[in-house]
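Chemist: Structure, please.
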Amino acid sequence: MTEVRKRPSLFKRQLLVDKKMQFAIIVYSMLVALITILFMAVFILILQNVNIHFDGSGSGSAANFLVLFGLWAGAMSVLTFLGVFVTNKTAGPIYRLRKNMQQVADGGEVENVVFRKGDHFLDIADDYNRVLDRLRKAEGK
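Modeler: Below you'll find the predicted structure:
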């Protein structure tokens, strides 16, 4: 079972443990937030200029509502795609590393773990591969 240690107080912790990765995630998060705010600003401006009444009595109509809903759905689709793209740069390497570690634990044939260009944790892949090399040398393979 994995050992769990008590966390030190907030003021004693080193919060930036991997500055490059943490700042990249912060920048991605800020970019997604900015795009969300811009989409919502455009959405609100359009809503202010369209008087929507579902009974057809206003200057707008249900068709205008559908157009606005379509814009909103499009914005959410773009943000979802960005979220999947950004998290893939983190989740993909962790997934590959975990699969490789399971192969080592099961005694299977193990190859060096390879991450894609632009993935996070490239340095961890290098360290892990060095450990594998030492294990292979120790086993005489």
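Chemist: Next secondary structure after the helix or strand containing V104?
Modeler: If you go by DSSP states H and E, V104 is part of helix 62-105. Sequence order places helix 122-139 as the next helix or strand after helix 62-105, per DSSP H and E.
Chemist: and that next one, what other elements does it pack with?
Modeler: helix 62-105 (3 or more C-beta pairs under 8 Å, 6 or more residues apart in numbering; DSSP states H and E). Every residue, glycine included, has its C-beta placed from N, CA and C.
Chemist: what's the offset of the helix it packs on from the middle of its chain?
Modeler: 7 Å (C-alpha atoms, centre = their mean, to the nearest Å).
Chemist: Could you list every helix and strand that that helix packs against?
Modeler: Helix 62-105 packs on helix 19-49, helix 122-139, going by 3+ C-beta pairs under 8 Å, 6+ apart.
Chemist: Comparing the ones you listed, which yields the minimum mean pLDDT?
Modeler: Among these, helix 19-49 carries the lowest mean pLDDT, at a mean of 79.
Chemist: Show me how far it is from its chain's centre.
Modeler: 15 Å.
Chemist: quick one, that helix and helix 122-139 angle?
Modeler: With axes from the mean of the first three to the mean of the last three C-alpha atoms, to 10 degrees defining the directions, helix 19-49 sits at 140 degrees from helix 122-139.
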